[in-house]
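Undergrad: output the structure for:
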Amino acid sequence: MGSPFLAWAWLKDTKPEALARAQKLYARDCAACHGLEGKGDGPSGKHLPGMQKMGPMMPAGPADFTDARRILSASDVVLQGKLLRGGMGTGMPEFGSLYSDDELWLMVSYVKTFVFGK
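TA: Numbering: from 1, shown residues only. The predicted structure follows:
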């Protein structure tokens, strides 16, 4: 888990109402694969290739958003791009046609809350 200070710094400009909206979007669109707690253990994601398709040493299945090293080392732009265009061969669909630009960025912030245990 990340530190409380780091969590505060990361999310200080994100309003609770906005995170509540993102939580609903996540539950509707992401939890089936990434799991309700963001651990990458959702029932629909169990057999997705994940990054393994690109390299055998990479993890299979959906990303674990509780993995601080993985999530905090990814830039917001990379995460936004994954949402926008999908996982490109990993089994993750694109959400660029489903979400507004604001919602894409909000989801980036929301995904990072899993590192801090919400």
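Undergrad: quick one, helices of this protein?
TA: 4-11, 16-29, 31-34, 68-73, 76-85, 101-113 (DSSP state H).
Undergrad: for this protein, what helix or strand is lowest in average pLDDT?
TA: Among the helical and strand segments of the chain, the one scoring lowest on mean pLDDT, DSSP states H and E is helix 4-11, with a mean of 62.
Undergrad: picking that back up, for the helices of the chain, give me a markdown table that also has mean neighbour count and distance to Met92.
TA: (Each C-beta comes from the backbone N, C-alpha and C, glycine too.) Below are the helices of the chain laid out as a markdown table (neighbours: other CB atoms under 10 Å; distance: least, CB to CB, whole Å):
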| stretch | mean neighbour count | distance to Met92 |
| --- | --- | --- |
| helix 4-11 | 13 | 23 |
| helix 16-29 | 14 | 11 |
| helix 31-34 | 20 | 7 |
| helix 68-73 | 13 | 15 |
| helix 76-85 | 16 | 7 |
| helix 101-113 | 19 | 12 |
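Undergrad: which one of those helices lies nearest to His47?
TA: His47 sits nearest to helix 31-34 of all the helices of the chain, at 10.3 Å, using CB to CB.
Undergrad: quick check: mean pLDDT of the closest one?
TA: With pLDDT averaged residue by residue, helix 31-34 scores 94.
Undergrad: over to stretch 81-93?
TA: Here stretch 81-93 scores 86 as its mean pLDDT.
Undergrad: distance between the ends of that stretch?
TA: 12 Å (CA to CA, to the nearest Å).
Undergrad: could you do stretch 88-98 as well?
TA: Separation of the first and last residues of stretch 88-98 by CA to CA is 17 Å.
Undergrad: could you do stretch 67-78 as well?
TA: End-to-end for stretch 67-78, by CA to CA: 16 Å.
Undergrad: gap between that stretch and the chain center?
TA: 9 Å (CA atoms, centre = their mean, to the nearest Å).
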